[in-house]
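**Q** Quick check, what structure comes out for this input:
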Amino acid sequence: MSRLDGKVALITGAGGGIGREASALFASEGAAVVCVDINVESANETAQIVNEAGGRAIAVRADVSLDADAEAMVRSAEDTFGALHILFNNAGIMHSDDGDAQGTTEAIWDLTMNVNAKGVFLGCKYGIPAILRAGGGSVINTASFVAKLGAATPQVAYTASKGAVLALTKELAVVHARQGVRVNALCPGPLRTELLMKLLDTEEKKQRRLVHVPMGRFGLADEMAKAALFLASDDSSYVTGTEFMVDGGITAAYVTPE
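**A** Below is the predicted model:
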């Protein structure tokens, strides 16, 4: 028996990176998947990958920072597949103009907070009631190791937004613990994704980040998807309110180069 048989999962930011890998993996484990992205072409590509592999998926365009879009994406899951059991609030942005407090504009701060923090709130606002209607399930919110540590490359809005995701996750985990809804934060370390590679656009910047990672390499999107699968499945039935660090050891010890 597959780990997500009979489940319906909604994954935001499904057009690439962690979201695309998670969509394919969740479907391979038996879930019907709602692939959500602001770029509907990318969402369609992910859904096509899932369907061509024998899974079940639909693509939905949504701006997770908009209340109406968040409500509509959850409604699509219930209308198409009859329920929602797993909500993976994974969509996020890391803007290249995000720097220190002096250099980051109010517009970049607001944009980052709207997508990364408000987007998770709105996903939970509409997703948790749907999960309750389904009899319970799992919410996974993508945070980051930078919510626990200051980033070596300044990105103040991103770091603050991911701190908000951690706090929101803990609160909702406590509120819904006895209702059959588990809420956990997935905290990736530095990943070899398009998002981070655009920010760390020189070899010097890459090495400045990698020098702190005990494993000495960037993580991969499929490694994060596998961690999310654990949190989505009944394998983590006694896990809620956690900061699930999947970070190559970076939060365990800042290491210095030899």
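
**Q** any idea which helix is longest in the chain?
**A** helix 156-176 (DSSP state H).

**Q** Now do that helix, average pLDDT.
**A** Mean pLDDT, computed over helix 156-176, is 97.

**Q** now N184, what's its secondary structure?
**A** strand (DSSP: H, G, I helix; E, B strand; the rest coil).

**Q** Could you pull up the residues touching the nearest residue to T193 once chain neighbours are set aside?
**A** Nearest residue to T193, sequence neighbours excluded (C-beta to C-beta, 6 or more residues apart in numbering): G17, at 4.5 Å. Backbone N, C-alpha and C define where each C-beta goes, glycine included. Contact partners of G17, counting by C-beta atoms under 8 Å, 6 or more residues apart in numbering, are 191, 193-195, 221.

**Q** Using pLDDT, spot the least trustworthy of the residues you listed.
**A** Where pLDDT dips furthest among these: L195, at 72.

**Q** Quick check, that one in contact with S96.
**A** No - when contacts are counted by C-beta atoms under 8 Å, L195 is not listed as touching S96 (10.3 Å).

**Q** These two: which is more packed in?
**A** L195 (16 against 10; other C-beta atoms under 10 Å).

**Q** Look up how far V183 lies from the more buried one.
**A** 24 Å (C-beta to C-beta, to the nearest Å).

**Q** Just the strands from the stretch 101-250 of the chain, written as ranges.
**A** Using DSSP state E, counting those that start in this stretch, the strands of the stretch 101-250 of the chain run over residues 137-142, 181-188, 243-246.

**Q** export these to TSV and tack on mean pLDDT, mean neighbour count and distance to N89?
**A** Shown next, in TSV, are the strands of the stretch 101-250 of the chain (pLDDT from 0 to 100; neighbours: other C-beta atoms under 10 Å; distance: least, C-beta to C-beta, whole Å):
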stretch	mean pLDDT	mean neighbour count	distance to N89
strand 137-142	98	26	5
strand 181-188	98	26	10
strand 243-246	97	18	14
